[in-house]
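[1] sequence and computational prediction follow.
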Amino acid sequence: MNYEKIAMSLKALAEPNRLKIVDLLSCGTKCACDLLEHFDFSQPALSHHMKVLEKAEIITVEKKGTWNYYTLSEDFAKEFQSMCMTLFSHNEDTCVCGTDKKCNCSN
């Protein structure tokens, strides 16, 4: 499991406005103007949030003319769900306790 990748994703998502942005993008691609309608902050503030999400590879950006269109990364969504399932599951197949010791995950 890539703990660095999970930590980077969680850090990017650990801000309420960015969580809301991800939730909005789960409905489909949106331009900055569409996203701004849901917030009480400026376009530069939105741009900052989007850069954090893009750097964490949570969203993708496509420029069309003067507008940026943002999409939730399908790869990220699948990978993040899988990482969380593995991280929070407690079974012998995914346990990191060690292979030479009997796992007590069933307790």
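    Alright, I've got the coordinates. Predicted, not measured: the structure shown is a model, and the values here were computed from it.

[2] can you show me the helices along this structure?
    Per DSSP state H, the chain has helices spanning 3-13, 16-25, 32-36, 43-55, 74-88. These are given in chain order.

[3] which one of the ones you listed lies closest to residue 61?
    Closest to residue 61 of those, according to CB to CB: helix 43-55, at 5.7 Å. Using the backbone N, CA and C atoms, a C-beta is placed for each residue, glycine as well.

[4] contacting residues around the closest one?
    12, 15, 17-18, 21-22, 32, 35-36, 39, 59-61, 68, 70 (CB atoms under 8 Å, 6 or more residues apart in numbering).

[5] could you redo the last one with a cut-off of 10 Å?
    8-9, 11-13, 15, 17-18, 20-22, 25, 32-33, 35-36, 38-39, 41-42, 58-61, 68, 70, 72-73, 76 (CB atoms under 10 Å, 6 or more residues apart in numbering).

[6] that helix to helix 16-25, inter-axis angle?
    70 degrees (axes from the mean of the first three to the mean of the last three CA atoms, to 10 degrees).
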